[in-house]
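Visitor: Here is my input; please provide its structure:
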Amino acid sequence: MTDQAWLTSLRTQLLELLDAHGAHMPFEAAVADFPIEAINRPCPELPYTPWHLLEHIRIAQFDILDYIRNRGYLEPTWPDEYWPARDATTTREGFDETIAAFHRDRDALKEIVSDPATDLFATIPGTPGHSLVREIRILGAHNAYHLGEFAILRQVMGTWPPDREGP
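Guide: Numbers count the residues shown, from 1 in each chain. Below you'll find the model as predicted:
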């Protein structure tokens, strides 16, 4: 395999990871038909709601996007700035905006990864040797973990549509 073919294959795999193709549930499938009356309902035995979890996924994804493209990046404080306040609630519009912002930021990441001029292995300026490949790998793992958690919460909370097929 040529170097160019290898890089094309790697870009494709990173894009598939961002879209959760393969062994992971895609974001779109996890959030599809979520009942609005449950967005602020506390999850059993957990200190957050379904919206809190989706907002955390969105915030973490934006943080990685910001880390990649902003030379003046300042790391948010963990955990306070990576999660909404425990008592925070949202509206239908806020829930929809969380989903839309996730898509916008993911699209921006996909554009960066897709650009043949982007060196996937170059050190991100101002970082301790971190590369785009590293950041996309971390983001893919983070999103897969929490979207799996979200899917399980939907099952436990009974928020899947009754006609849904699959586990």
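Visitor: Packing partners of the longest helix along the chain?
Guide: Longest helix in the chain, counting residues (DSSP state H): helix 132-157. Contact analysis of helix 132-157 by 3 or more CB pairs under 8 Å, 6 or more residues apart in numbering; DSSP states H and E lists helix 3-19, helix 27-31, helix 50-69, helix 92-114 as its packing neighbours. Glycine gets a C-beta too; all of them are placed from N, C-alpha and C.
Visitor: ok, residues contacting the shortest one?
Guide: By that I understand helix 27-31. With CB atoms under 8 Å, 6 or more residues apart in numbering as the contact definition, helix 27-31 has outside contacts at 20, 54, 57, 99, 102, 106, 143, 147, 150, 151, 154.
Visitor: So for that helix, what gets flagged as buried?
Guide: The neighbour-count check on helix 27-31 (16 or more other CB atoms under 10 Å) flags 27, 30, 31 as buried.
Visitor: And for stretch 56-73?
Guide: 56, 57, 58, 59, 60, 61, 62, 63, 64, 65, 67, 68.
Visitor: Which of the residues you listed sits closest to residue 16?
Guide: Among the buried residues of stretch 56-73, residue 61 lies closest to residue 16 (CB to CB), at 16.2 Å.
Visitor: Which residues are in contact with the closest one?
Guide: The contact partners of residue 61, by CB under 8 Å, 6+ apart, come to 102, 105, 106, 109, 139, 142, 143.
Visitor: who wins for most neighbours among those?
Guide: Counting neighbours by other CB atoms under 10 Å, residue 143 comes out on top of the contacts of residue 61 with 26 neighbours.
Visitor: Let me see the contact set for residue 98.
Guide: By CB under 8 Å, 6+ apart, residue 98 lies in contact with 51, 54, 55, 58, 90.
Visitor: before we move on, the earlier item: tell me which of the buried residues of stretch 56-73 is nearest to residue 128?
Guide: Ranked by distance to residue 128 (CB to CB), the buried residues of stretch 56-73 are led by residue 67 at 11.9 Å.
Visitor: Lovely, talk soon.
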